[in-house]
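Colleague: Test case, fold it:
(chains A and B)
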Amino acid sequence: MGRIACILIPDLPIAALLRSNPELRERPAALCAHPAPHAELIAVSREAAAAGVRAGMTVAQARAIVPDLLIARRSPEAERSAFEAILDAAESVSPLVEPGEPDRAWLDFEGLARLYHHSEPVDPDRPGDSAHGTEATIAAELRRRAYRVGLETAVGVGASKEIAYLAARCGGVRVIEPGREREFLDWIPLEMLDLPGKPGRDLELVLARWGIRRLGDLARLEPRAAASRLGAEGLELVRLARGERLAPFVPRRRGESIVEIIELEYGVENLEPLAFLIRPMLERAIERLALRGLVAGDIALEFGLGNRSRYQRRVTVAAATNEVRALLTLITLSIEAAPPAAAVEAIALGVEARPPRPVQTGLFTPPTPAPGRLETTLARLAALCRPDQVGMLRAQDSWRPEAVDLMPFDAPPPRAAGEPPPGGNITRLAIRAIRPAEEIEVMYDRGAPEFVRGRSIAARVVTLAGPWQRDGEWWNGAGGGFARDYYDLALSDGAVYRAYRDRHTDRWFVDGIYD
Amino acid sequence: MAAILQALAGSLENRAQVPEIPEVFRGRELTPKNLRLSSGILSIDAALGGGLVRGRINEIAGSVGHGKTSLAAAFLASATARGEVAAWIDLAGAFDPMSMRAAGVDLTRVLWAGCAGPRAIKEREREKPFLKAAELILETGGFGLIVCDFGAHSFPLMSSAALRIARRAERIGAVVLMLAARRMCGTFAALTLNLVRSEARFVRPARLAPTLFEGLAIEARVARNKLGGAGFAAAFEAQIDPIVEPASGAMRPSWAVSHAS
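Modeller: Have a look, this model is predicted:
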């Protein structure tokens, strides 16, 4: 018999609300489908429940009890994000996870003891919890990781999915030792059986009439007799009470992206409050990625706007990183470049997960930047100088000197000193590129350039070499090619320029200075 | 050739007389001062006492067109050939990968960060992200050479900024090389090399042959050297690469259509 753990979010709608709005944790709050006085409350927070507010009351009734009760609209999107976060926490502990929507997931705990040797307190908040060595420790770790992604959970461990779920329903961390399942099940009240096997209204009445209050009472029934009187549903219930019902554990793998969604009660029009809302979403997404040992790649933003339209934006992250500040700067720069057309009422943030890049260093090689730190630096540089200004510049395979590509800068692997640079003892002359090429006016004397005048140049031509003809890319179709006469011009200002005449337009440009 | 080598040997002997004690490692210094990055140009290395000083700020000053970029490319090629990773922070947006590759730079090991920004922004404003980028790269560690190309930027750095860069360079042992029209870091630079172009070489191989631009003859003078002596001079030539295929990084003249000027 295997070992299964169940992680459960006790009150998912409220937990999702508090996760999206951590500042509400101390306030009495309640959720309803529509914030109207006659609307019924769907869920209430612990603080509101302590004040006497119950689910099923109308908003007006609840406000009569707690005047400053915060009423929020239920957000299925936020609940889905919370559920995804729980799955991330679960996958960081066990490789086999079965999502059990809407508020729970099961994990295969078999053999995990070899991975977790540390012995930490089971649950600092509940020292009286059952603690059975390694399983309890792992379960406590699972709960801690769920807390890192903003959720308070309960974890149960048992021999089957049902037993693990019922153990989780007890709250905190609960481990049911092998062989003691019946002992645990015996005292479970029937009210706890909301899933699986919740008895129907009639069945519940019949059992109450029979005086059966707990699973232990049910387990003493003869299965055949129970089946003949209560039907298939009753038989399933008896088998559960006896610890004989074993639903199969079906693990599933999920996609490699993280999505966080929030819906706003009001429209946001300015960038600063928008960034203020995006930041905690990004932090939660990064925390989920960190749990899985991954780093953030490209970010997909989608806003629901007040004019019923959608705003989509993809933020390219040159170097994957988990640095929130750098990623947030990239996002704000991207939004600033193309602001949404109307007020933002919902935000969806998708983060592409990428594996971190490992590197093997050597004792006899020069040091190179650590990949993790380099990625962070590249992201911060991209935020500082713009993403299209950071990377590795590479000349294209083209005859046009200005044809350069900006490639992502990957951490180059360390290598020992190689061959000396080609060229031997000859020092090559470098060019300072002028981008874009500066148009100049050229005055001729007997057919040769004699004076040059442009935005930053005005000088006499002292010496020149050229022209060197360069043609190409005519195969790209009409207007796609270039035909240029290149000159090296030594001007009276003391510098040597590389200039060219465009033979198509008969215009002159300077595109570099020999330096 | 023999005479040149003899002159270089004499120059190196003179260098040995400079009262420098590389073995002495002061307690506050994080990088020993005897670690140098060679340029591969014998005359320059001899004048500098082996090359640029690691863990310190080094400056190459000179007007545009006087060989700063070519000399920096030589240091960059030397660093990348040793397997080091380098960074080029570009305030002018003038980095040309074709000529850098022709100079022997392994571009896969060079991180380029352009901080040119719009021309409308004041110089002082453009300087801030530039310096911040330099500090970020220095904080990362693992870079052997960081070139800060100021272009035509005319203001010297604030003392506080220069001090921060100097401290970080010392911590990671990287060569910080400032390229500017004038000295930028004041007392925080360990070494300053002034470059002056002595000649732009245009030659005509034969009477009716076209004029060719061969390169620049450059004179370098050590204006400041905290770890050696100042006043040493050196000369070198930076030659244009005449025939290089585009994929390998430079231009090819079209001999058939050229004519004499």
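Colleague: count of neighbours near residue 39?
Modeller: Because you didn't say which chain, this covers chain A. 16 (other Cβ atoms under 10 Å in any protein chain shown). C-beta here means a position set from N, CA and C on the backbone, and glycine is covered the same way.
Colleague: Can you look at chain B instead?
Modeller: For B:Ser39, the neighbour count with other Cβ under 10 Å is 24.
Colleague: How about the contacts made by it?
Modeller: B:45, B:48, B:51-52, B:71, B:74-75, B:78 (Cβ atoms under 8 Å, 6 or more residues apart in numbering or on different chains).
Colleague: among those, which are in strands?
Modeller: Those of the contacts of B:Ser39 mapping onto strands are B:Leu52, per DSSP state E.
Colleague: surely B:Glu59 meets B:Ala180?
Modeller: Yes. At 6.9 Å, B:Glu59 counts as touching B:Ala180 under the criterion of Cβ atoms under 8 Å.
Colleague: More neighbours: which of the two?
Modeller: For B:Glu59 versus B:Ala180, neighbours defined as other Cβ under 10 Å are more numerous around B:Glu59 (28 against 23).
Colleague: and which of the contacts of B:Ser39 is nearest to chain A?
Modeller: Distances from chain A to those, taken as Cβ to the nearest Cβ, are shortest for B:Ala74 (5.5 Å).
Colleague: Return the residues in contact with the closest one.
Modeller: By Cβ under 8 Å, 6+ apart, the residues touching B:Ala74 are A:427-428, B:39-41, B:44, B:103.
Colleague: Likewise for A:Pro387?
Modeller: If a contact means Cβ under 8 Å, 6+ apart, then A:Pro387 has A:316, A:318, A:330 as its contacts.
Colleague: Could you turn the buried ones of those residues into a PyMOL selection?
Modeller: The command below creates a PyMOL selection of those among the contacts of A:Pro387 that count as buried (16 or more other Cβ atoms under 10 Å in any protein chain shown):
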select buried, chain A and resi 318+330
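Colleague: nearest to chain B, of the contacts of A:Pro387?
Modeller: Among the contacts of A:Pro387, A:Ala318 lies closest to chain B (Cβ to the nearest Cβ), at 10.8 Å.
Colleague: List the contacts of A:Arg428.
Modeller: Each residue near A:Arg428 by Cβ under 8 Å, 6+ apart is listed here: B:70, B:73-74, B:99, B:102-104, B:238-241.
Colleague: in what helix or strand does B:Val196 lie?
Modeller: Assessed by DSSP states H and E, B:Val196 sits inside strand B:189-203.
Colleague: That strand pairs with which strands?
Modeller: Partner strands for strand B:189-203, per DSSP bridges, with pairing direction: strand B:57-61 (parallel), strand B:212-225 (antiparallel).
Colleague: Beyond the last one, next helix or strand please.
Modeller: Which is strand B:212-225. Next in sequence after strand B:212-225, counting helices and strands by DSSP H and E, comes strand B:233-239.
Colleague: for that next one, packing partners?
Modeller: If contacts are counted by 3 or more Cβ pairs under 8 Å, 6 or more residues apart in numbering or on different chains; DSSP states H and E, strand B:233-239 sits against strand A:427-428, helix B:42-48, helix B:68-81, strand B:212-225.
Colleague: Show me the one of the ones you listed that comes nearest A:Gln61.
Modeller: helix B:68-81 (74.4 Å; Cβ to Cβ).
Colleague: Let's test this: mean pLDDT of whatever helix or strand comes next after the closest one, rounded?
Modeller: Where DSSP H and E defines the elements, the next helix or strand beyond helix B:68-81 is strand B:85-90. Summarised as a single mean, pLDDT over strand B:85-90 is 93.
Colleague: tell me the mean pLDDT for the following helix or strand past strand B:85-90?
Modeller: Once strand B:85-90 ends, the next helix or strand along the chain (criterion: DSSP H and E) is helix B:97-102. Taken as a whole, helix B:97-102 has a mean pLDDT of 90.
Colleague: Let me know whether helix B:97-102 sits next to chain A.
Modeller: Yes. Against chain A, helix B:97-102 shows contacts by Cβ under 8 Å from any Cβ of the partner chain at B:97-102.
Colleague: re the thing from before, so of the strands paired with strand B:189-203, which one's packed in deepest?
Modeller: Compared across those, strand B:57-61 shows the largest average neighbour count, a mean of 26 (mean count of other Cβ atoms under 10 Å in any protein chain shown).
Colleague: Now find how far off-centre that one is within its chain.
Modeller: Here strand B:57-61 is found 8 Å from its chain centre; the criterion is Cα atoms, centre = their mean, to the nearest Å.
Colleague: Identify all contacting residues around the longest helix seen in chain B.
Modeller: Assignment by DSSP state H gives helix B:123-140 as the longest helix of chain B. Helix B:123-140 has contacts (Cβ under 8 Å, 6+ apart) with A:369-370, A:373-374, A:376-377, A:380-381, A:384-385, B:87, B:89, B:91, B:111, B:113, B:115-117, B:143, B:146, B:148, B:150, B:153-155, B:157, B:161, B:164-165, B:168-169, B:171-172, B:174, B:176.
Colleague: Strand partners (parallel or antiparallel) of the helix or strand just after that helix?
Modeller: Downstream of helix B:123-140, the next assigned helix or strand under DSSP H and E is strand B:143-149. Paired with strand B:143-149 in the same sheet, following DSSP bridges, are strand B:85-90 (parallel), strand B:175-180 (parallel).
Colleague: The first one versus helix B:123-140: what angle between them?
Modeller: This means strand B:85-90. Inter-element angle recorded for strand B:85-90 and helix B:123-140: 170 degrees (by axes from the mean of the first three to the mean of the last three Cα atoms, to 10 degrees).
Colleague: What are the buried residues along strand B:85-90?
Modeller: Buried residues in strand B:85-90, counted by 16+ other Cβ under 10 Å: B:85-90.
Colleague: contact partners of that strand?
Modeller: Outside strand B:85-90, the residues that touch it by Cβ under 8 Å, 6+ apart are A:366, A:368-369, A:411-412, B:76, B:79-80, B:95, B:109-116, B:130, B:133-134, B:137, B:142-149, B:151.
Colleague: tell me the angle of it relative to helix B:68-81?
Modeller: Angle of strand B:85-90 versus helix B:68-81, following the same axes, to 10 degrees, is 160 degrees.
Colleague: in chain A, which ranges drop under the pLDDT threshold?
Modeller: Within chain A, the ranges that satisfy pLDDT under 70 run A:1, A:117-133, A:194-201, A:245-246, A:253-255, A:358-359, A:372, A:411, A:416-425, A:478-479.
Colleague: mind redoing it with 50?
Modeller: Confidence mapping of chain A against pLDDT under 50 gives the ranges A:119, A:121-122, A:124, A:126-132, A:195-197.
Colleague: pLDDT score for the nearest residue to B:Arg168 once chain neighbours are set aside?
Modeller: The spatially closest residue to B:Arg168, leaving aside those adjacent along the chain, is B:Leu138, at 3.8 Å (Cβ to Cβ, 6 or more residues apart in numbering or on different chains). B:Leu138 carries a pLDDT value of 93.
Colleague: Report the separation between B:Leu138 and B:Leu212.
Modeller: Distance check for B:Leu138 against B:Leu212: by Cβ to Cβ, to the nearest Å, it reads 42 Å.
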